[in-house]
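In: Based on what follows, work out the 3D shape:
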Amino acid sequence: MRVALASLPAEPDRENEDFAAAASGAAVLLDGAGVGGVETGCTHGVAWFSSTLGGLLLRSITVQPTRPLADCLADSIGLVRALHEDTCHLAYRASPTSTVIAARAGGGGLEYLVLGDSSLLLAHRSGSLDVVTDRRLDDVGKRLRGPVDALPTGTSEHSAALAEYRDALTGLRNRPGGFWIAGPEPRAAEHALTGSVPLESLASVTLMSDGATRLVDRFQLADWRQILAVLDSSGPDELIRRVREAEAGDPDGRRWPRGKARDDATVLHWALP
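Out: A predicted model of the protein is given here:
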């Protein structure tokens with residue numbers, strides 16, 4: 001198993017809330033989230049949540065190779081809940097959450113699970129590409145974020161509009177008609193996107209947080225085939241460098257309106273023999 005992994009926090013002095021790891025024949029990536037400017041109700045924090053859930057999930061999908069990925073995720077969410085439900089206010093609306101991608105090879109196939117707006121890129125030996133992204137968060141966001149995108153990033157007006165947007169978004173979390181994400185409730189795993197593809201058909205599998213996919217889905221400076229070419233030739237570090245370069249060229253979000261000028265960015269690129 002040949003894996004290249006890179007991850008950078010949004011700012012050098014801030015904690016990275018992304019988590020990614022790999023074991024033999026398996027990989028996971030999580031993008032942790034809270035509600036900006038609001039207490040999480042958790043004494044441990046978002047980075048603890050995503051890394052703890054990610055570690056438990058990787059263990060579960062490797063030691064239980066025949067258990068469905070969604071069941072492994074539900075089990076892992078339950079274990080994390082048990083670790084801090086006596087010390088933290090998990091019913092609080094801003095309790096830590098995380099997107100989840102899991103991929104596992106076995107029995108001649110690659111199983112995958114995607115929950116939230118991180119992306120899974122499947123490159124086939126035929127030259128075709130499949131991108132699996134849970135768009136429910138994006139769809140909800142598009143309905144709500146008009147006032148945010150109309151204002152320059154970093155201004156007080158933008159911050160106020162962003163707070164209102166995040167408050168409205170949180171109200172639709174893990175609800176029908178809203179979006180689903182890993183948090184305190186194991187039942188969210190039931191709503192993950194899952195599937196499988198023949199392992200022999202794949203050349204590589206790439207897991208990416210939304211901070212790393214900005215060149216495609218936010219900035220439109222590249223397509224997925226170009227992203228794959230960078231990963232195959234130069235690796236995840238170079239992809240993230242290009243994302244940071246684009247962000248630095250538009251610090252106020254005038255060209256590309258966005259909630260964060262910079263975001264945690266993580267890429268796990270798994271090349272198959």
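In: contact partners of stretch 116-133?
Out: By CB atoms under 8 Å, 6 or more residues apart in numbering, the residues outside stretch 116-133 that reach it are 29-31, 98-101, 103, 110, 112, 114, 134-135, 137-138, 179-182, 193, 195, 197, 200-210, 213, 217, 224-225, 227-228. C-beta here means a position set from N, CA and C on the backbone, and glycine is covered the same way.
In: What about these, which are in strands?
Out: 29-31, 98-101, 103, 110, 112, 114, 193, 195, 197, 202-208 (DSSP state E).
In: quick one: low-confidence parts of this structure?
Out: 35-38, 92-93 (pLDDT under 70).
In: Which parts of it are strands?
Out: Using DSSP E, strands in the chain cover 2-8, 18-23, 26-33, 97-106, 109-115, 119-124, 129-133, 193-198, 202-208, 265-271.
In: can you list those strands in a markdown table and add mean neighbour count and distance to Glu247?
Out: Shown next, in a markdown table, are the strands of the chain (neighbours: other CB atoms under 10 Å; distance: least, CB to CB, whole Å):
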| stretch | mean neighbour count | distance to Glu247 |
| --- | --- | --- |
| strand 2-8 | 18 | 11 |
| strand 18-23 | 22 | 16 |
| strand 26-33 | 28 | 16 |
| strand 97-106 | 25 | 20 |
| strand 109-115 | 23 | 24 |
| strand 119-124 | 21 | 18 |
| strand 129-133 | 17 | 20 |
| strand 193-198 | 15 | 28 |
| strand 202-208 | 24 | 16 |
| strand 265-271 | 24 | 9 |
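In: Hmm, Thr87 and Arg81 touching each other?
Out: No - contact status for Arg81 versus Thr87: not in contact, 11.6 Å apart, counting by CB atoms under 8 Å.
In: quick one: which of the two has more around it?
Out: Arg81 (17 against 10; other CB atoms under 10 Å).
In: quick one: contacts for the more buried one?
Out: Taking CB under 8 Å, 6+ apart as the test, what Arg81 contacts is 90, 184, 186.
In: Mind naming the longest helix for this protein?
Out: helix 46-63 (DSSP state H).
In: Can you name the residues in contact with that helix?
Out: Counting by CB under 8 Å, 6+ apart, residues outside helix 46-63 touching it are 15-34, 40, 42, 44, 67, 69, 72-73, 75-77, 79-80, 83, 96-98, 100, 102, 104, 182.
In: any idea how far it is from the chain center?
Out: From the chain centre to the centre of helix 46-63 is a distance of 13 Å (CA atoms, centre = their mean, to the nearest Å).
In: Now it: buried residues?
Out: Across helix 46-63, burial judged by 16 or more other CB atoms under 10 Å covers 46-62.
In: next one: stretch 30-47 to chain centre, how far?
Out: That offset, for stretch 30-47, works out to 14 Å (CA atoms, centre = their mean).
In: who are the neighbours in contact with the nearest residue to Ala102 once chain neighbours are set aside?
Out: Spatial nearest neighbour of Ala102, excluding adjacent residues (CB to CB, 6 or more residues apart in numbering): Leu113 at 4.5 Å. For Leu113, the contact set (CB under 8 Å, 6+ apart) comprises 69-70, 73, 100-103, 192-194.
In: In a markdown table, list these along with distance to Pro236.
Out: A markdown table is the format used below for the contacts of Leu113 (distance: CB to CB, whole Å):
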| residue | distance to Pro236 |
| --- | --- |
| Leu69 | 23 |
| Ala70 | 27 |
| Leu73 | 24 |
| Val100 | 19 |
| Ile101 | 14 |
| Ala102 | 18 |
| Ala103 | 16 |
| Ala192 | 24 |
| Leu193 | 23 |
| Thr194 | 25 |
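In: Just give me the closest of the residues you listed to Leu8.
Out: Nearest to Leu8, judged by CB to CB, of these is Ile101 at 17.9 Å.
In: Looks like the closest one contacts Ala21 (just checking).
Out: No - contact criterion CB under 8 Å: Ile101 and Ala21 do not qualify, at 11.5 Å.
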